[in-house]
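Participant: Build me a model from this:
(2 chains)
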Amino acid sequence: MSEELVIKTGRPDMMSFTLPVVAGLGLILGFLTGNVIGSPWIGLVLGTLIGAGLAYGLNEMVPKKSIGRWGVIIAFAVIGLLFGGLGGAVGGAIIGAIISWFAYWIGRGTYRDDVPIYSTPGQTLWWNFFLFICGAIFIFLITPILVVLPLSFNAEDFFTFTPEMLRLDPEGYSLKHYRDFFETDDWQLALKNSLVIAPIATIISVSLGTLAAIGLSQSHVPGRRAIMAVLISPMIVPLIISATGMFFFYSTLGNFLEGTLGMSKGLVGYIKVILAHAVLGIPFVIITVTATLVGFDRSLTRAAANMGADPVTTFFRVQMPLILPGVISGGLFAFITSFDEVVVVLFVGSAAQKTLPWQMFIGLREQISPTILAVATILVVISIALLTTVELLRRRSERLRGMSPG
Amino acid sequence: MKLTKTLLASTALTVAAGAVAAQDMANDMTLVSWGGAYQNSQQKAYVEPYQEMNPDVSIVWDESSAEAVAKLRAMNEAGNITWDLVDVVAADAIRLCDEGLAMEYDPEELLAEGDDGSSAEDDFGDLIVSDCFIPQIVYSTTVGYRTDMVGDTAPTDICALFDTETYPGKRSLEKRPINNMEWALLCDGVAKEDVYDVLETPEGQDQALAKLDTIKDDVIWWSAGADTPQLLADGEIVMGSTYNGRLFSVIEEQDQPVAMLWDAQVFDLDGWIIPAGLSEERLARVKDFVKFATDTQRLADQAAYISYGPARKSSAPLVGEHAELGIDMAPHMPTDPENSKNTFVYNYEFWADYRDDIDAKFQSWLAQ
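Facilitator: Now for the predicted structure:
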């Protein structure tokens, strides 16, 4: 009976549906807000009442949606401002936006817009729940990264949102952790080490990994699968086990380089860490390049040979340009592996080779300083910039080559 | 200069940098310490002045003191000692010395005389608890509490830790038996002088664990010195144990609503050890540094950055004001008469003998 009504009017029933559902959201938001100000139960009751009131008032008395929504947002922001200053105003505006949107969304039946008209209430519920899960996944992925950004501007030396920060008081914010990063020798050494070790390790892994992938894609190589398994093993064996093994292996190697060949302690340290990271990066290059080689037409190399090109020329002029995307993405993975790696470098390196992850890990354990968050923020910004640049360059080259982007 | 050279050389990868020029002393040193405010005090009080005097020397910090024993064992096994000087607590120094991983030294030869003319041996006195241990500071493990979370009656004695009725809320304790067992017995009615006698017996150990059991649900266990300050600043705990220097930093430097409970503070020592098996050049550099870093003035200077007492008797009169805050440091020292009205003397010999047994018992109790 009520279902026919819904289809006919396009609006769900006010008393049995809209009121309780919006009141339910009001309950949750009220409870959360109440927790912030220290009286969750009062918040819960007030939130429920406000939710129900808004559901009725907005849908019945304010037919123009934009007026209703802005009215609620501004009202909530003013209430927030009175109780919690600037931070409260922002929080109030956000809550007002959420609940007024929800009230119209539920009250006008907009939630049924994207499902076929013959869907049962269960299917409609599932469809919207599915959208909600998708949204939740995004939130879970991105919030831990976003939380770090404001905390890195904390004026105090703790991982805490201070009351000043929540009030958006300029006193609560400071750039001192960024200053600390740029002025402390320890952090600068770590930055330099990361910038030396990761690129060199990447170059080594890309060259060796590409050659290995090309070799292993030839059908006449004996024991291809076994060789492949060995080369990929660093990716599969738990890192801590590789790291323990590498510690003893590279210690012996280092003693030989230092003792017999007379290299300096610092240089040997770098060689050890770079080699260890190159080993960790090689599997990524092999896998991506092998995947690209599947689509590579072998007759091209034969055609090149037919035209008199030697294998080296063929490789650089014919094969390499075609598999380049695979090589580059393998290289990116290898770079990130080295740049992010903390376990192996803790074992193989000495303090003179400490990288950014090492310094962050140690800093987290021994002094919980927001400098780590400042570094994390810088790294996030740099990664976004790098990825954007790569993507823009790719589109540009495709445009130049007359291909459409995508 | 040295660093750029190394970087260039490693970029080329094929270039062998060649042996260090013929010198008596190595020019780079890796010092191992605890990070945080403590390492900073060492950096300011003796590393920076030393580098000013010796501009060629580059010094790298490794914040690995917490696992110094395990790492030194592994390095020794692999024949690859990368550390030059390691900051450890006295108990670890005793273990490392027993295992032959730390170098024994002669105080008269290695350490400078006191400013007042006393010999190094007399100046450090019985703080040299092991033949390998070069004492730097006296610190204490004590309890800090949130002043805004304890109600009207601030706690005055250590048993507030166990009094969840008057002081409800979480407390943080170190994840090891040392100190916790002693405090538990003290608060279970055992007299101070009898604590270690009781703790020797299995019944005594059970008694201590039973007392800890009463607050087990309210305890957050910490393993790094920075944990308790962070938890206190967050208001996640009402009180917690940590090193007095960390609490000083929370209270005076970070200005958090935290106060200190000096009652039954446990004194301990921290100092350097030189790893066994250093090459002659490296050892010569380390010896030169240690002689400078542990002299009377340097140890007194360190107290201007952190509230730990200098290990030399002759340094005590030189302790002045905090380097940045300008407050008098003496009242913040664990050894100040006002703070040390009721102290607990940590028994090294007892823990050297019973550590493994009680550790095992404690860990299995934790896991229950």
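Participant: C-alpha only now, for contacts and for neighbours.
Facilitator: Fine.
Participant: residue boundaries of the helices in the stretch 151-300 of chain A?
Facilitator: Using DSSP state H, counting those that start in this stretch, the helices found in the stretch 151-300 of chain A span residues A:163-166, A:176-183, A:185-216, A:224-236, A:239-259, A:265-294, A:299-306.
Participant: ah, wrong one, I meant the stretch 1-150 of chain B
Facilitator: Going by DSSP H, counting those that start in this stretch, the stretch 1-150 of chain B shows helices at B:2-12, B:36-42, B:48-53, B:68-78, B:90-98, B:107-110, B:120-124.
Participant: Sort out which residues of the fifth one are buried, please.
Facilitator: Under the neighbour-count criterion of 16 or more other Cα atoms under 10 Å in any protein chain shown, helix B:90-98 has B:Ala90, B:Ala91, B:Asp92, B:Ala93, B:Ile94, B:Arg95, B:Leu96, B:Cys97 buried.
Participant: and which of those residues is nearest to chain A?
Facilitator: For those, the residue nearest chain A by Cα to the nearest Cα is B:Asp92; the value is 17.9 Å.
Participant: still on that earlier bit, now the buried residues of helix B:90-98 in TSV, with distance to chain A and pLDDT?
Facilitator: Converted to TSV, the buried residues of helix B:90-98 look like this (distance: Cα to the nearest Cα, whole Å; pLDDT from 0 to 100):
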residue	distance to chain A	pLDDT
B:Ala90	19	89
B:Ala91	20	86
B:Asp92	18	87
B:Ala93	20	91
B:Ile94	23	89
B:Arg95	22	87
B:Leu96	20	91
B:Cys97	23	92
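Participant: coming back round to it: for the helices of the stretch 1-150 of chain B, could you give me TSV that also reports distance to B:Ser307?
Facilitator: Formatted as TSV, the helices of the stretch 1-150 of chain B follow (distance: least, Cα to Cα, whole Å):
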stretch	distance to B:Ser307
helix B:2-12	34
helix B:36-42	9
helix B:48-53	19
helix B:68-78	24
helix B:90-98	18
helix B:107-110	25
helix B:120-124	19
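Participant: which stretches of the chain have low pLDDT?
Facilitator: Just going to use chain A. A:1-10, A:401-406 (pLDDT under 70).
Participant: actually chain B
Facilitator: Applying pLDDT under 70 to chain B flags residues B:1-23.
Participant: The closest residue to B:Cys97 other than its chain neighbours and chain A: what is the separation?
Facilitator: In space, and not counting its chain neighbours, B:Cys97 is closest to B:Cys132: 5.9 Å by Cα to Cα, 6 or more residues apart in numbering or on different chains. Applying Cα to the nearest Cα, to the nearest Å, the value for B:Cys132 to chain A is 23 Å.
Participant: List the residues that contact B:Cys132.
Facilitator: B:Ala93, B:Ile94, B:Cys97, B:Ala102, B:Met103, B:Glu104, B:Tyr105, B:Ile273, B:Ile274 (Cα atoms under 8 Å, 6 or more residues apart in numbering or on different chains).
Participant: And for B:Val219?
Facilitator: Counting by Cα under 8 Å, 6+ apart, B:Val219 has contacts B:Lys170, B:Arg171, B:Ser172, B:Leu173.
Participant: From those, list the ones also adjacent to chain A.
Facilitator: When contact is defined as Cα under 8 Å from any Cα of the partner chain, the contacts of B:Val219 do not meet chain A at all.
Participant: Mind putting those into a markdown table with secondary structure, neighbour count and distance to A:Gly68?
Facilitator: Compiled in a markdown table, these are given as follows (DSSP: H, G, I helix; E, B strand; the rest coil; neighbours: other Cα atoms under 10 Å in any protein chain shown; distance: Cα to Cα, whole Å):
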| residue | secondary structure | neighbour count | distance to A:Gly68 |
| --- | --- | --- | --- |
| B:Lys170 | coil | 21 | 46 |
| B:Arg171 | strand | 28 | 49 |
| B:Ser172 | strand | 25 | 50 |
| B:Leu173 | strand | 22 | 54 |
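Participant: Show me which pair in the residues you listed is furthest apart.
Facilitator: Spatial extent of the contacts of B:Val219 (Cα to Cα) is set by the pair B:Lys170 and B:Leu173 at 10.0 Å.
Participant: Need the overlap of contacts for these two.
Facilitator: B:Val219, B:Ile220.
Participant: Tell me which of the helices of the stretch 1-150 of chain B lies nearest to A:Met246.
Facilitator: So among the helices of the stretch 1-150 of chain B, helix B:68-78 is nearest, using Cα to Cα, at 11.0 Å.
Participant: quick revisit: deepest in the core, which of the helices of the stretch 151-300 of chain A is it.
Facilitator: Highest mean neighbour count of the helices of the stretch 151-300 of chain A: helix A:265-294, a mean of 24 (counted as mean count of other Cα atoms under 10 Å in any protein chain shown).
Participant: now it against helix A:185-216, angle please.
Facilitator: Angle, helix A:265-294 to helix A:185-216, by axes from the mean of the first three to the mean of the last three Cα atoms, to 10 degrees: 40 degrees.
Participant: I'd like the contacts of B:Cys132 as CSV, with distance to B:Asp217 appended.
Facilitator: Conversion of those to CSV gives the following (distance: Cα to Cα, whole Å):
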residue, distance to B:Asp217
B:Ala93, 34
B:Ile94, 34
B:Cys97, 38
B:Ala102, 40
B:Met103, 43
B:Glu104, 44
B:Tyr105, 46
B:Ile273, 39
B:Ile274, 42
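Participant: and which of these is nearest to B:Tyr305?
Facilitator: Minimum separation from B:Tyr305 among the contacts of B:Cys132 (Cα to Cα) is found for B:Ile273, which lies at 22.1 Å.
Participant: Show me chain B divided up by domain.
Facilitator: Listed by automatic domain parsing, the domain ranges of chain B are B:25-138+B:270-328, B:141-266+B:332-367.
Participant: quick one, which of these is nearest to A:Thr313?
Facilitator: domain B:25-138+B:270-328 (45.2 Å).
Participant: Report the distance from that closest one to the chain centre.
Facilitator: On the basis of Cα atoms, centre = their mean, to the nearest Å, domain B:25-138+B:270-328 sits 11 Å off its chain's mean C-alpha point.
Participant: biggest helix in the chain, by residue count?
Facilitator: Just going to use chain A. As assigned by DSSP state H, the longest helix anywhere in chain A is helix A:65-107.
Participant: I was thinking of chain B, sorry if that wasn't clear
Facilitator: helix B:348-367.
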